[in-house]
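Q: Here you go, sequence then predicted model.
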Amino acid sequence: MAETAQAEGVGLRERKRRATSRTIQFTVLELAVERGLDQVTVEEISRVANISPRTFFNYFPSKEAAMVGDNPLELPSGLIDSFVDGSAGADLVDSLLDLMQHMALIATGDRELHQLRRQVLRSYPELFIIKVAGMHSFETVLAEAVERRLDAEGEGQDAIGSRLAQARLTALVAIAALRHAVTSWAEGADDESLSEKLTESFSLLRRVL
């Protein structure tokens with residue numbers, strides 16, 4: 001599966017980091033289900049997760065942030081540069097799909113964790129503010145990357161609007177396809193990977209545009 005292939009390409013240190021992050025997230029979510037978030041402390045999360053509070057804070061600034069999870073949407077500069085450069089003649093939508101697959105596999109490739117988080121967040125809608133803030137930040141960074149890509153290709157400036165306006169719209173549409181894929185994957189009963197769901201969503205996007 002695509003997630004397995006992705007994991008095999010990740011170094012040992014990064015795999016350990018992701019494993020610790022996953023343990024912390026599962027712990028806080030399970031404790032919140034058992035007793036409610038207000039009754040859970042960072043010290044208890046750390047004890048159950050078999051880490052120190054200092055290690056906890058190396059990963060998350062608060063228990064609320066741990067509930068929301070790793071920010072899926074931080075784009076490494078090297079990844080942005082590769083997207084902006086693109087391959088000769090590479091289609092923008094294909095490049096966006098590659099970018100989304102990379103980020104989604106890092107952030108939400110764990111279906112069990114994602115499903116547990118969706119369940120818990122229904123009880124704490126106020127935490128969606130944290131998720132929305134992360135999504136808005138990602139939208140801004142992605143739009144800037146698309147604008148740079150359009151600038152490099154000499155496209156996107158016409159009577160309809162500026163490159164930035166077109167880049168913002170492109171970013172919003174790509175994020176919508178990402179959300180569609182994640183929802184379909186999380187709620188699905190099949191064995192399709194998130195990568196496969198993303199490919200399907202972007203194929204559907206091409207058909208409806």
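A: Right, received. Where do you want to start?
Q: Show me where the chain has its helices.
A: 2-8, 12-35, 42-49, 53-59, 63-68, 77-85, 92-108, 111-121, 128-153, 163-187, 194-208 (DSSP state H).
Q: quick check: domain ranges of the protein?
A: Structural domains assigned to the chain are 1-68, 71-209, following automatic domain parsing.
Q: Can you give the distance of the last one from its chain's centre?
A: To tie it back to what came earlier, the one meant is domain 71-209. Centroid separation for domain 71-209 versus its chain: 8 Å, with Cα atoms, centre = their mean, to the nearest Å.
Q: Also the first one?
A: Here the centre of mass of C-alpha atoms in domain 1-68, compared against the chain's by Cα atoms, centre = their mean, lies 16 Å away.
Q: Give the rounded mean pLDDT of that domain.
A: For domain 1-68, mean pLDDT is 86.
Q: could you dump the helices of the chain to CSV with mean neighbour count?
A: Every residue, glycine included, has its C-beta placed from N, CA and C. Formatted as CSV, the helices of the chain follow (neighbours: other Cβ atoms under 10 Å):
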stretch, mean neighbour count
helix 2-8, 13
helix 12-35, 16
helix 42-49, 17
helix 53-59, 14
helix 63-68, 20
helix 77-85, 14
helix 92-108, 20
helix 111-121, 16
helix 128-153, 17
helix 163-187, 18
helix 194-208, 17
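Q: Not counting its neighbours along the chain, what's nearest S62?
A: V42 (7.7 Å; Cβ to Cβ, 6 or more residues apart in numbering).
Q: State the distance from that neighbour to T23.
A: To T23, V42 is 14 Å away according to Cβ to Cβ, to the nearest Å.
Q: And L198, by the same measure?
A: 26 Å.
Q: OK, contacts around the residue nearest to S62?
A: P53, F56, F57, S62, K63 (Cβ atoms under 8 Å, 6 or more residues apart in numbering).
Q: Just the closest of these to R149, please.
A: S62 (35.2 Å; Cβ to Cβ).
Q: Now that closest one. Its backbone dihedrals?
A: Phi and psi for S62, reported as degrees, to the nearest 10, are phi -160, psi 170.
Q: Report how many residues lie close to it.
A: Residues near S62, counting by other Cβ atoms under 10 Å, number 13.
Q: how close does it get to G36?
A: 16 Å.
Q: now L121
A: Distance from L121 to G36, by Cβ to Cβ: 14 Å.
Q: what does L12 give?
A: From L12 to G36 the distance is 37 Å (Cβ to Cβ).
Q: Touching, G86 and R149? I think so.
A: Yes: between G86 and R149 there is a contact at 6.4 Å, judged by Cβ atoms under 8 Å.
Q: any shared contact partners between those two?
A: Shared contacts of G86 and R149, counting by Cβ under 8 Å, 6+ apart, come down to L92, S95.
Q: looking at it, V28 is touching I45, isn't it?
A: Yes: using Cβ under 8 Å, V28 is in contact with I45, at 5.1 Å.
Q: Overlap of the contact sets of these two?
A: What both V28 and I45 touch, as defined by Cβ under 8 Å, 6+ apart, is the set K63, A66.
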